[in-house]
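# turn this into a model:
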Amino acid sequence: MVHALESLKRALGVVWMAALLAACATAEQRQVLSAAAQIKADVAQLNEQCKANMAVTDLDPIRGKIELDRTDWSGPTPFPMLTNNDRPTALEREAIARWGRIRDACQVAVFHYAQSAPNLPAFSQPARERVISVGEKWTTAGNSLAAELYDGRIGYADYN
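The predicted structure follows:
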């Protein structure tokens, strides 16, 4: 009887320990899910702010000639944009310059957020730094291409 009671105590102890560990894992999982949801909401808010900034009428001369805002996958670039070989006029260059300033502000906001966003356990600091580095290179390449468009060295189709 004593042996059975000891076995029962051990079994209950193991069950209690397992429940305690499961509760800890569940709390960690909730923390990760909460951080991921916060990051998703923060990025969505940044994207919405950038879209709102892109809605200004100053950009109307180039609207429909280039994709002003591509923060998410919205399908392929429309065919008319891919076949528009025109080079920007003086009025369109002003709009491209304004668009560049808006894009710069959006990119700065995104990079600041990327550097300070909550860290997820699966996303190490070296991984974060690599992602930021790739983003910076992609941004630099995009800005260089926009500068070529502004200067008239390429047409809209080449930019798109």
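
# check contacts around the spatially most central residue of the chain.
Geometric centre of the chain, nearest residue: Val43, 5.9 Å, by Cα atoms, centre = their mean. When contacts are counted by Cβ atoms under 8 Å, 6 or more residues apart in numbering, Val43 is found next to 110, 113. Quick note: C-beta positions are derived from backbone N, CA and C, even for glycine.

# quick one: it is in a helix?
Yes. The assignment for Val43 is a helix, going by DSSP: H, G, I helix; E, B strand; the rest coil.

# got a pLDDT number for it?
pLDDT for Val43: 83.

# so how far is Gln29 from it?
Val43 sits 21 Å away from Gln29, going by Cβ to Cβ, to the nearest Å.

# please apply the same query to Asn53.
36 Å.

# and if you look at Leu149?
Counting by Cβ to Cβ, the gap from Leu149 to Gln29 is 46 Å.

# the nearest residue to Ala146 once chain neighbours are set aside - how many residues pack around it?
Among residues not flanking Ala146 along the chain, Gly100 sits closest, at 5.7 Å (Cβ to Cβ, 6 or more residues apart in numbering). By other Cβ atoms under 10 Å, the residues close to Gly100 number 15.

# and Gly100, what does it touch?
143, 146-147, 150.

# buried sites along the helix or strand where it lies?
Per DSSP states H and E, Gly100 falls inside helix 90-116. By 16 or more other Cβ atoms under 10 Å, the buried positions in helix 90-116 come out as 92-96, 98-99, 102-103, 106-107, 110, 114.

# could I get the average pLDDT for that helix?
Here the average pLDDT along helix 90-116 is 90.

# from Val108, how far off is the closest residue to Asp60 other than its chain neighbours?
Once flanking residues are discounted, Asp60 sits nearest to Ala95: 7.2 Å by Cβ to Cβ, 6+ apart. Note on Ala95: its distance to Val108, by Cβ to Cβ, is 20 Å.

# selecting buried members of the contacts of Gly100 in ChimeraX, what would you type?
ChimeraX command restricting these to the buried ones, with burial defined by 16+ other Cβ under 10 Å:
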select :146,150
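
# closest to Tyr159 among the contacts of Gly100?
Ala146 (7.1 Å; Cβ to Cβ).

# which helix or strand contains the closest one?
Judged by DSSP H and E, Ala146 forms part of helix 125-151.

# same for that helix, what does it pack against?
Packed against helix 125-151 by the contact rule (3 or more Cβ pairs under 8 Å, 6 or more residues apart in numbering; DSSP states H and E) you find helix 90-116, helix 156-159.
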